[in-house]
Each structure stands twice: as structure tokens, then as C-alpha cells.
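Chemist: Predicted model and sequence below, questions to follow.
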Amino acid sequence: MTIEVLTLTGAAFEAALDDVARLRIEVFRHWPYLYDGDMDYERRYLSRYCGSGGAVLVGAFDGARLIGASTGAPMEEHSDDFGAPFAARGMDLRDVFYCAESVLLPDYRGRGLGHAFFDAREAQARKLGRGHAAFCSVIRPADHPERPADYRPLDAFWRKRGYEPQPGMVAEYAWKDRGQPRETLKQLQFWMRAL
């Protein structure tokens with residue numbers, strides 16, 4: 001079956017909410033996020049995008065099954081913690097589009113869907129008149145006991161798309177790791193490119 005990539009906004013985004021939530025929980029359980037998620041939190045988190053006129057959901061479908069998803073929204077619609085590194089640099093948040101998560105089931109990786117996710121989110125950013133796109137990646141120690149021996153970071157892929165890590169631009173966000181009793185604060189490195 002052919003994989004179809006669709007950009008969803010508004011009601012179509014809302015209709016896909018639970019499928020995106022389940023996909024996020026499944027994919028983010030693995031390295032490097034190790035996220036121990038739950039549907040109630042996911043619904044609250046994703047519903048913020050539904051109320052945004054500038055947010056976008058890019059879904060990859062194998063038939064009717066959602067096998068990958070990527071979200072993005074204007075940076076000023078995210079928490080102050082995420083905007084603070086940009087403000088500290090003197091950047092207007094209204095110039096930045098935040099490419100949030102991209103989640104894709106392992107069996108579908110290596111087929112160009114990561115590029116399709118970035119293409120669609122960058123197109124939305126340009127449509128909104130944004131001059132920059134940014135995302136962040138979790139920082140984990142190289143000797144973390146959960147790190148798979150065959151793990152390949154996505155840095156080369158991101159650089160090929162024109163993104164560079166931004167020195168000193170780090171956000172903090174808390175979530176519960178698998179097997180841990182409570183949430184702990186994680187550091188996230190911002191990457192950015194001019195559009």
C-alpha cells in the first residue's frame with residue numbers, strides 16, 4: 001500500500017488527536033526520550049494545537065492507519081520556557097515557527113517521511129511569514145544505560161536540512177521516564193535554520 005502524507009488543520013487535526021496521542025506514547029517510549037506517557041496528558045498537550053490558527057499536523061498514513069505524525073506551531077504559542085532562549089537572544093518569537101515532535105513507527109523509517117514532515121512544517125512557517133524554523137532534541141549522556149549500542153543520532157539528517165544546534169539555547173521540560181517514580185527535568189537543545 002502507498003504511504004500518503006497529509007497536512008491536517010482544524011477539525012481534521014482534532015479528529016486525528018487520539019491516534020497521534022497513541023503514536024507519541026508508542027514511539028517516545030524508546031531512546032532517547034524514554035517517555036512513560038498516558039492518554040490524558042497527551043490529549044491535553046495536543047489539544048493546545050487545535051485552538052491555534054497557525055498550528056499544523058502532518059500525518060503519514062498507510063491506508064487508514066496513522067504510522068507517523070509531526071506537529072508545529074508559532075513559537076509564541078508555546079510555553080514561556082521554550083521562548084525564553086530566543087527572547088534572551090533578542091529574537092522576536094513571531095519570527096520563529098516551532099517544529100515540535102516527529103514520530104514515526106520503526107518499520108516506516110528510511111523512506112523519506114522525515115523530509116516530508118519537515119517540508120510541510122517549513123511550508124506552514126513560510127505561509128505564516130516566519131523567517132526561522134526551530135526544533136529541539138533531548139540531551140542524554142552518551143553513557144546512559146538505556147542507550148542502544150546501535151543508536152544513530154539524527155544530527156546529520158538535521159544538518160542536511162540546514163539546521164544547526166544553537167549554542168547556549170537550551171530549554172527544560174519535565175516528563176516521567178519509563179520505570180521511574182516521578183517526572184524529572186530534561187534539557188533540550190534547540191536547532192534552528194533561516195527559511
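Modeler: Structure's in. What do you need? Numbering: from 1, shown residues only.
Chemist: ok, now how distant is Phe157 from Leu66?
Modeler: Counting by CB to CB, to the nearest Å, the separation of Phe157 from Leu66 is 22 Å. C-beta coordinates here come from the backbone N, C-alpha and C atoms, glycine included.
Chemist: neighbour-wise, which of these two wins?
Modeler: Leu66 (19 against 13; other CB atoms under 10 Å).
Chemist: So the more buried one is in contact with Asp18, correct?
Modeler: No: with contact defined as CB atoms under 8 Å, Leu66 does not count as touching Asp18 (9.7 Å).
Chemist: Identify, by residue count, the longest helix of the protein.
Modeler: helix 113-127 (DSSP state H).
Chemist: Buried residues in the helix or strand of the chain with the lowest mean pLDDT, which are they?
Modeler: In the chain, the helix or strand scored least confidently by mean pLDDT, DSSP states H and E is helix 10-15, which has a mean of 83. Using 16 or more other CB atoms under 10 Å as the burial criterion, the residues of helix 10-15 that qualify are 13-14.
Chemist: Where do the strands of the protein begin and end?
Modeler: 3-8, 56-62, 65-74, 96-104, 132-138, 164-176, 183-194 (DSSP state E).
Chemist: list the buried ones in stretch 185-192?
Modeler: For stretch 185-192, by 16+ other CB under 10 Å, it's 186, 188-192.
Chemist: Stretch 109-126 now?
Modeler: For stretch 109-126, burial by neighbour count (16+ other CB under 10 Å) applies to 113-114, 116-118, 120-122, 124-125.
Chemist: And for stretch 74-91?
Modeler: So, applying 16+ other CB under 10 Å, buried residues of stretch 74-91: 74-78, 82-83, 85-86, 91.
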